[in-house]
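Student: The following comprises the amino acid sequence and a computationally predicted model.
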Amino acid sequence: MLLEVEKIKKSYKVKNNIVEAVKSIDFRLESRNITAFLGPNGAGKTTTIKMIAGLIHPDYGDIRINGKSVINKGRFALKDIGAVLEGSRNLYWRLTPLENFEYWGGIKGVSRLKTLQRGKELMSAFGLESKLNSTVQQLSRGMQQQVAICTALIHSPSLLLLDEPTLGLDLEASDRIQSLLEVLAKEQEVGILLTTHQMDVAERLSDSVAIINNGQIIKQGFTKNVLKQFSSGETYIFEYVLEIPSEKRELLSKYRPEYINLSTFKVVLTDAQTPYEIIDLLEPYSILRVEKDSADLATVFRFYTSNQKN
Ligand SMILES: Nc1ncnc2c1ncn2[C@@H]1O[C@H](COP(=O)(O)OP(=O)(O)OP(=O)(O)O)[C@@H](O)[C@H]1O
């Protein structure tokens, strides 16, 4: 198993108060798997990722990478982990991408030749070959983030930790990063743990999700299973221009509609039924929309995080 996080806890002391940032978190991440760590602001995501990256120590619990505990073993952990936490803090802005790669490659114990070769390959994967010799401060924010990711990958780590990798980026930059992450996971067998508030990014990229709130994981599983639990078969939503009159309600009753408001209702259809039957039945009333009701991660996220106090 690439990453095993076992019952980790972390509290911060703020003046006379203790903030329990992470109460007890358990999860696993396999190679080739992308896990999205989701949670509202202050849920404890960054604290957890920082503990995995060895930047802060848990008060309790264990973190194992490839079966070996990394608690208090910073040097060992360095070898297997690449991380981009809080924007592009792993970059020196006055240096070029190549100089940054050389610097970080040196720290991670990779030869200069290998570092430069790998750095160039990674930059080409982003279409940034022409920027190898510009200083980081001359690059756009999207490019800087891409260079930060290249830097984190310079020593070919098996685990990549990313805090909000696509935050504030335009669609093209965000797409490039997402595509590279997919390639890294599926073709180069890297395990990726990322935090994001962008549910569409999480839905596209993640094999698994862990939803965290108040320092605890409240839901985890394969993304497709989590979504499936929320999608209720052949459920359709019909919205009419005007409210549904009582004689039509009577005719509709055999479909057991669930009314959302006076002009909108949901029905679950069997294999033998089609949405057109309903439309025919309600003629001549004008329909505004009919759509299949399927859950997305945003719905799932809202459900779990708004039920936090139950
Ligand atoms: N260095 C610190 N000192 C004191 N409290 C902290 C520190 N870092 C985080 N916290 C607190 O710990 C809790 C969890 O914070 P954390 O940054 O891990 O959340 P997060 O899920 O990453 O949030 P966001 O989505 O806003 O980045 C919050 O209540 C936060 O205020």
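Tutor: That came through fine.
Student: ok, and what's touching stretch 53-61?
Tutor: 5-11, 22, 24-25, 47, 50-51, 70-74, 77-78, 81, 83, 85, 161 (Cβ atoms under 8 Å, 6 or more residues apart in numbering). C-betas here are computed from N, CA, C, even on glycine.
Student: Can you sort out which of the residues you listed also neighbour the ligand?
Tutor: Among the contacts of stretch 53-61, proximity to the ligand is found for T47 (Cβ under 6 Å from any ligand atom).
Student: which among the contacts of stretch 53-61 end up buried?
Tutor: Neighbour counting by 16 or more other Cβ atoms under 10 Å classes 5-6, 8-11, 22, 25, 47, 50-51, 70, 77-78, 81, 83, 85, 161 among the contacts of stretch 53-61 as buried.
Student: Now do the strand or helix carrying R302: distance to the chain's middle.
Tutor: Under DSSP states H and E, the secondary-structure element containing R302 is helix 297-306. On the basis of Cα atoms, centre = their mean, to the nearest Å, helix 297-306 is displaced by 14 Å from the centre of the chain it belongs to.
Student: Run through the neighbouring helices and strands of that helix.
Tutor: For helix 297-306, the helices and strands in contact under the criterion 3 or more Cβ pairs under 8 Å, 6 or more residues apart in numbering; DSSP states H and E are helix 199-205, strand 208-213, strand 216-222, helix 223-230.
Student: Please look at R176 and M143 and confirm they touch.
Tutor: No - under the contact definition of Cβ atoms under 8 Å, R176 does not touch M143, with a separation of 9.8 Å.
Student: Any chance you could list residues touching both of the two?
Tutor: F126.
Student: Could you find the closest non-adjacent residue to E6?
Tutor: When the adjacent residues along the chain are set aside, E6 lies closest to D62, with 4.6 Å between them (Cβ to Cβ, 6 or more residues apart in numbering).
Student: same question, I212
Tutor: When the adjacent residues along the chain are set aside, I212 lies closest to G39, with 3.8 Å between them (Cβ to Cβ, 6+ apart).
Student: Report pLDDT for the closest residue to A21 other than its chain neighbours.
Tutor: Nearest residue to A21, sequence neighbours excluded (Cβ to Cβ, 6+ apart): T47, at 4.3 Å. The predicted structure scores T47 at 94 on the pLDDT scale.
Student: between the helix or strand hosting T47 and strand 216-222, how big is the angle?
Tutor: Secondary structure here is read from DSSP H and E; on that basis T47 sits in helix 45-52. For helix 45-52 against strand 216-222, the angle by axes from the mean of the first three to the mean of the last three Cα atoms, to 10 degrees is 80 degrees.
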